[in-house]
Every structure is written in structure tokens, then in C-alpha cells.
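In: Here is my input, please return the structure:
(one chain, ligands or ions: 2)
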Amino acid sequence: MKIFSSHQIYQADKSTIQKEQITSDALMERAATQLFEWMHARLRGTQVNIKLFCGIGNNGGDGLVLARKLHEHGYSIHVFVVNYSDKRSEDFLLNLERLKDGKVWPDFINNDSGLPNISESDIVVDAIFGIGLNRVPDDWVGNLIAHINASNAFTLSVDVPSGLPVDRSPWEPSYVIRSSYVLSFQLPKLIFFLPETGAYANQWELLDIGLDAEFIAKTETDFELIGRPEILPKYRPRSKFSHKGTYGHAVIIGGSYGKIGAVQLACNACLSVGCGLVTAVVPKCGYHSLQTAVPEAMVLTGSRDKIISRIEIPFSPTAVGIGVGMGKDEDTVQALAVYLKGSGAPMVIDADALNILSENRDLLKDIPEMSILTPHPKELERLIGPWTSDFEMLDKAKSFADRYNLVVVIKGAHTITLYNGKGYVNTTGNPGMATAGSGDVLTGMVAGLLAQGYPPAEAAIFGVYLHGLAGDIGASKNGYEALKASIIVDNIGSAYSELFRKPEAEQKENPR
Ligand SMILES: NC(=O)C1=CN([C@@H]2O[C@H](COP(=O)(O)OP(=O)(O)OC[C@H]3O[C@@H](n4cnc5c(N)ncnc54)[C@H](O)[C@@H]3O)[C@@H](O)[C@H]2O)[C@H](O)CC1
Ligand SMILES: [K+]
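Out: Ligands and ions are numbered 1, 2, ... in the order given. Predicted coordinates:
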């Protein structure tokens, strides 16, 4: 699903209004009807105090239409107009009149008004600012927002949490609504997925307001949300007359004394994702444990006992995953430098291999083009330098990826894969996956997909999704706390099956 910028949303609005020959107020009515129906379906007439805080733009207009509909259906409402500007939008004004026609009289809150009472048992509707916010709210509006947050009342935000800009980090974090639930129109907003801003929109849902589908389909976006519909077409089915050679020979290079387990996890993941053959390249100390723990894998060792000192592979691997548990010994740095120069084929680069690159920046130019780098935020910072906001981080990481023609996978709650100027935001995964070895599993999976012929960016996007899904299935059986990296590997098969599971309704209609 595409993630639009605010500018693109306004364009989609305009295009819908033109194509359908409707007024902007009709679109607002449509949007607010969806809001009302969502609330009505859950409240079913419950007599709870609903306090609606409406700004003076179209977000406020949505709030006023919702108030009218709630009132018409007998709900107990109290409307506050947060009067932060005299530039009221036309549709706001129109709906203010309609509300008054229905004998609802809002209270106007100005910079000299006191703060209204909000009890914990009230429901607050937050329609103060939407996607039009373009500067820090005035202090009195910010204080009202902080007051709403302090009330602990259930706060339902219209479109976005008020005070949260959609294309930058907030000017003043305490002036942003901490929503209990966000009902956002039509398309997801990037702020829902970034660590810095995602917490304001803990739970969110999209309401389909029928924006111009053709316009949405043809518009190119900087970010895309990756869910099942985006993943399914990327899957490469196995053919009946295939053999293990069809699915590639991956090499996992890494490990050091005390960190051989990282290679075991990566090899297991690589095999479980469908790779034909896997060879591990480890220091001598890893030989026996690897042969025992992963009997399907072949093992090559170098000349040193505890570290990787030379990388010599007597065949041409189809794909390589390098760095897990590898350490940063001087000899290992040398081995990586020589290997990068001689390789030429895209590879998956993770963990200590990334740290070696950060500390030896002259090696960056030797990374084979289209290689996949899988840093977590700390490793990313070592590669691209510090940032002051998530938006700056994304810009810097994009420039880095473009400069060296790489795929950069920024690991996090919503892992973002950057390639060719675009960001692909993952939707699977859970906090249980913040555990030792989870990244090693991802490296093995992506290397295994590369080996099977998935193009690098697709291998990364598909691998990240499947890794998260395997983690979700693992967590559903084990809980978050007990989820270990090896459980993620154990559930890769179920994750594949889940991809092709028919929705329940379809299954009933169409039993096998
Ligand atoms: N397709 C849709 O998604 C639809 C969205 N709708 C709703 O419209 C808002 C956007 O409305 P807009 O009037 O453009 O902006 P806001 O209501 O967010 O902001 C109000 C207005 O205030 C000015 N402003 C910005 N920042 C400040 C500030 N800090 N202090 C004072 N004033 C400020 C600025 O000029 C804004 O224009 C969208 O979120 C939806 O809720 C439609 O109703 C239906 C279609
Ligand atoms: K809002």
C-alpha cells in the first residue's frame, strides 16, 4: 500500500472532487460518516460523555460533522472549538452552521480561556489539527493538548494525532496528542511507522473514504507499506523438475570463538528459506559444533583457530552472507578487505562486517553493487553518522544507499528497506524478536533468497517480511518473552504456509 505525502493526499482529494463532480464538503461528510459509523458500531448508543475538540480547518470540520451525527443519534456530546486562527476553512464554517442549526452550541476555546474539565471516563475526539499542521502550535493550544494527554481519557484522533506533523518530527513533543486510537483517512502515514513518532499513534486504522483509486494507483511515492498483497507477487514458486542446484549454493561467512552460534542460526535460516546448498566458512573452532548442529550444511575452515583470517572458497557461491559473529580482529579486517575486492557479486553484509566497514571507510567503495546491508540503528549510525530526527536518518541512509548503489535494510519495529530512492516499510514482526540472534536469522534468510535468484531488493523486502511473519507465528505459540532466534527459524515453514492461507470466508465458500 502506498504511503502518500501530505501534498499527494491533497492532490488525491482534489482529483476525487473533480472526477466525481462533488463538493469538498461532500467529501468531508463522507469522511466523517465513516468516523461516526466506526464509533457507533462500538458504542451502540452507550451514554458516555464524548468531548470533541475541533480546530478551525478541515480536520476540525470533520470533527463538527461527527458531532452532528453523534447528536442526531442521541449521544451525549460536548463540542469545543479550538480557535487557534481566524483563517477558518469554508467547510469548517459550513458545518459549524449546520451544527448550530441542530441546536448544538460549541464552546470556543481561545488563548485566554481556562482548560476544560476532562474526566478519565470521557471519550475525547481529537480533531484539532490534521495533515495541514505546518508550524508549532501556540503555547495555549499546546497546553490544551498536554491537558488532554494528562486526562488519561480514551482519545480518538481524526486522521492524525493533533500536533504531529506528517513530514517532520514534532517541534515540541509535549504538544502532540498521545492517541489511544487513530482513524486515518484512506492511506497510511509514514509517521505511524517511525520510532520517534509511532508512539503517538499506538493503534491506528484506515477508513476508506473512496479517494480516486486511479490517481492513487498512478502516483509514485517515496514509501510503500509492505503487507501480504505486496509480498505474494514477489514469491518465486519451486518447479517440479528442479534439484538442489536450482536453488543456489549460499555461503555464510562469520563466527569467532564463542560466537559460532550466529553462523549456525544463519545457516539454518538459509536452508529453511529454501536455499539448495549451504556452506559455512568459520574459524577452526567452529568446525565440530557446526557439523553437529547443522548436519545439512558443509563447513570450510581457515587457518586460525578462533577468528576468520582468510576467506578462500573453492567454488563460486550463488550468494554470500557475511559478518555474523565475525568479530573485528585485524586479520579478519584484512580478510574482509581482500574478499570484498575479489568478489563482485551482491552479498548480504551484517553485524561485525558492517562495523569493520564503518571503521575502515576506504572499503566502502569495494562493496559489490546491489549488496544488501542490514544494520540496526546503532550500526547504521556508525555507517552514516548521527541524525537529529528519523526523517533526517532516512534521508542520510537513502543518500548512502544511492551513493554506493546498495540496498540498506534499517532494522526496527518497522524495518525499512531502502533501495533506488524508495523506502519499503515492513508490517510483520513483534517485540519478542528483539532477542539475541534474530538478526543472524535475517541474514541467513536474505542470503538464502538471493541464492534462489530473488533480485537483491526483492530478497531483502521478502526476507524481512517472512522473518517478521515467522516471528509472529513463533510469538503466537511461545509469547514474546520466550521467543528465541531458533524459534523464528523453526517457524519459517509456517510463515510460507501462512502467506498462501486463504482468508477464512473464502475457505468456507471454496472447501478443498
Ligand atoms: N482526503 C482526506 O484525507 C480528507 C481530509 N480531510 C480532512 O482535512 C484535514 C486537513 O485539513 P486542512 O484544513 O488542510 O488542515 P488542518 O485542519 O490540519 O489544519 C488547519 C489549518 O491551520 C493552519 N495551521 C497549520 N498549523 C498551524 C498552527 N500550528 N497554528 C495555527 N494554525 C495552523 C493551516 O493553515 C491549516 O490549513 C485532514 O487531516 C482531514 O482531517 C477532509 O475532511 C476529507 C478528505
Ligand atoms: K487530529
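In: I'd guessed residue 236 sits against residue 455; true?
Out: No - using C-beta atoms under 8 Å, residue 236 is not in contact with residue 455, being 10.0 Å away. Yep, even glycine has a C-beta here, placed from its N, CA and C like the rest.
In: which of those two has more neighbours?
Out: Between residue 236 and residue 455, counted using other C-beta atoms under 10 Å, residue 455 has the larger neighbour count: 16 against 13.
In: can you list contacts of stretch 252-263?
Out: Identification of contacts with stretch 252-263 by C-beta atoms under 8 Å, 6 or more residues apart in numbering yields 266-267, 270, 278-283, 285-286, 289-290, 297, 305-308, 311, 320-327, 329, 332, 339, 351-353, 437, 440, 443-444, 447.
In: Ok, stretch 402-415 next?
Out: 193-195, 198, 364-365, 367, 369-377, 380, 393, 397, 400-401, 416-421, 425-427, 429, 431, 439, 442, 446, 456-457, 460, 464, 468.
In: among the residues you listed, which ones are buried?
Out: With neighbours counted using 16 or more other C-beta atoms under 10 Å, the contacts of stretch 402-415 contain these buried positions: 193-194, 198, 367, 370-376, 380, 393, 397, 400-401, 416-419, 425-427, 429, 439, 442, 446, 456-457, 460, 464, 468.
In: before we move on, what SS does residue 325 have?
Out: Here residue 325 is coil, with the state taken from DSSP: H, G, I helix; E, B strand; the rest coil.
In: any idea how far it lies from ligand 2?
Out: 46 Å (C-beta to the ion, to the nearest Å).
In: Surely residue 70 and residue 50 touch.
Out: Yes - taking C-beta under 8 Å as the contact criterion, residue 70 and residue 50 are neighbours in contact, 6.1 Å apart.
In: Between those two, which contacts overlap?
Out: Between them, residue 70 and residue 50 have residue 77 as joint contacts when contacts are counted by C-beta under 8 Å, 6+ apart.
In: Centre of the chain to the one helix or strand residue 53 maps to, how far?
Out: Taking DSSP states H and E as the criterion, the element that holds residue 53 is strand 50-54. Per C-alpha atoms, centre = their mean, to the nearest Å, the displacement of strand 50-54 from the mean C-alpha position of its chain is 30 Å.
In: Am I right that residue 156 falls within a helix?
Out: No - assessed with three-state DSSP, residue 156 is strand; it does not lie in a helix.
In: check contacts around it.
Out: Contacts for residue 156 were tallied using C-beta under 8 Å, 6+ apart; they are 39, 123, 124, 125, 126, 179, 180, 181, 182, 183.
In: And the residue nearest to the spatial centre of the chain, its phi and psi?
Out: Taking C-alpha atoms, centre = their mean, the centroid of the chain lies closest to residue 414, which sits 3.0 Å from it. Per-residue torsions, residue 414: phi -120, psi 90 (degrees, to the nearest 10).
In: any low-confidence regions in this protein?
Out: Per-residue confidence for the chain (pLDDT under 70) gives these ranges: 504-512.
In: nearest to ligand 2, of the contacts of residue 156?
Out: In terms of C-beta to the ion, no member of the contacts of residue 156 lies closer to ligand 2 than residue 126, at 4.8 Å.
In: okay, now the residue of the chain found nearest ligand 2: neighbour count?
Out: At 4.1 Å from ligand 2, residue 162 is the closest residue in the chain, using C-beta to the ion. Other residues near residue 162 come to 29 when the count uses other C-beta under 10 Å.
In: Distance of it relative to ligand 1?
Out: For residue 162, the distance to ligand 1 under the criterion C-beta to the nearest ligand atom, to the nearest Å works out to 8 Å.
In: now do residue 368
Out: Computed as C-beta to the nearest ligand atom, the residue 368 to ligand 1 distance reads 43 Å.
In: The contacts of stretch 252-263 in strands, which ones?
Out: When the contacts of stretch 252-263 are checked against strands using DSSP state E, the ones located there are 278, 279, 280, 281, 282, 320, 321, 322.
In: could I get those as JSON lines with distance to residue 55 and neighbour count?
Out: Formatted as JSON lines, the entries for these read as follows, by distance: C-beta to C-beta, whole Å; neighbours: other C-beta atoms under 10 Å:
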{"residue": "278", "distance to residue 55": "58", "neighbour count": "28"}
{"residue": "279", "distance to residue 55": "61", "neighbour count": "20"}
{"residue": "280", "distance to residue 55": "59", "neighbour count": "27"}
{"residue": "281", "distance to residue 55": "60", "neighbour count": "26"}
{"residue": "282", "distance to residue 55": "61", "neighbour count": "28"}
{"residue": "320", "distance to residue 55": "54", "neighbour count": "25"}
{"residue": "321", "distance to residue 55": "51", "neighbour count": "35"}
{"residue": "322", "distance to residue 55": "52", "neighbour count": "29"}
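In: need the contact list for residue 417.
Out: Contacts of residue 417 (C-beta under 8 Å, 6+ apart): 407, 408, 409, 410, 423, 424, 426, 457, 460, 461, 464.
In: Is it possible to get TSV of those residues that adds distance to residue 243 and secondary structure?
Out: Putting the contacts of residue 417 into TSV (distance: C-beta to C-beta, whole Å; DSSP: H, G, I helix; E, B strand; the rest coil) gives the following:
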residue	distance to residue 243	secondary structure
407	29	strand
408	34	strand
409	30	strand
410	37	strand
423	37	strand
424	32	strand
426	32	strand
457	27	helix
460	26	helix
461	27	helix
464	28	helix
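In: Go through the residues you listed and name the one nearest residue 12.
Out: Minimum distance to residue 12 across those is 19.6 Å, recorded for residue 423 (C-beta to C-beta).
In: what sits opposite the closest one in the beta ladder?
Out: Each beta-bridge partner of residue 423 is listed here: residue 223, residue 418, as defined by DSSP bridges.
In: One more: residue 156?
Out: Note on residue 156: beta-bridge partners by DSSP bridges are residue 125, residue 181.
In: Tell me where the stretch 251-400 of the chain has helices.
Out: 261-272, 287-293, 330-343, 351-359, 377-384, 390-404 (DSSP state H, counting those that start in this stretch).
In: winner for burial among the ones you listed?
Out: Between these, the one whose residues have the most neighbours on average, counting mean count of other C-beta atoms under 10 Å, is helix 261-272 (a mean of 29).
In: now the angle from that helix to strand 277-282?
Out: Between the axes of helix 261-272 and strand 277-282, defined by axes from the mean of the first three to the mean of the last three C-alpha atoms, to 10 degrees, the angle is 170 degrees.
In: Output helix 261-272 as PDB, nothing but the C-alphas.
Out: Once non-C-alpha atoms are left out, helix 261-272 reads as follows in PDB (Å, rounded to 0.1, in the frame of the first residue of the first chain):
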ATOM      1  CA  GLY A 261      26.000 -19.900  17.200                       C
ATOM      2  CA  ALA A 262      25.500 -16.900  15.000                       C
ATOM      3  CA  VAL A 263      26.600 -18.900  12.000                       C
ATOM      4  CA  GLN A 264      24.500 -21.900  13.000                       C
ATOM      5  CA  LEU A 265      21.400 -19.700  13.100                       C
ATOM      6  CA  ALA A 266      22.200 -18.100   9.800                       C
ATOM      7  CA  CYS A 267      22.800 -21.500   8.100                       C
ATOM      8  CA  ASN A 268      19.700 -23.000   9.500                       C
ATOM      9  CA  ALA A 269      17.600 -20.000   8.400                       C
ATOM     10  CA  CYS A 270      19.300 -20.000   4.900                       C
ATOM     11  CA  LEU A 271      18.300 -23.700   4.500                       C
ATOM     12  CA  SER A 272      14.800 -23.200   5.900                       C
END
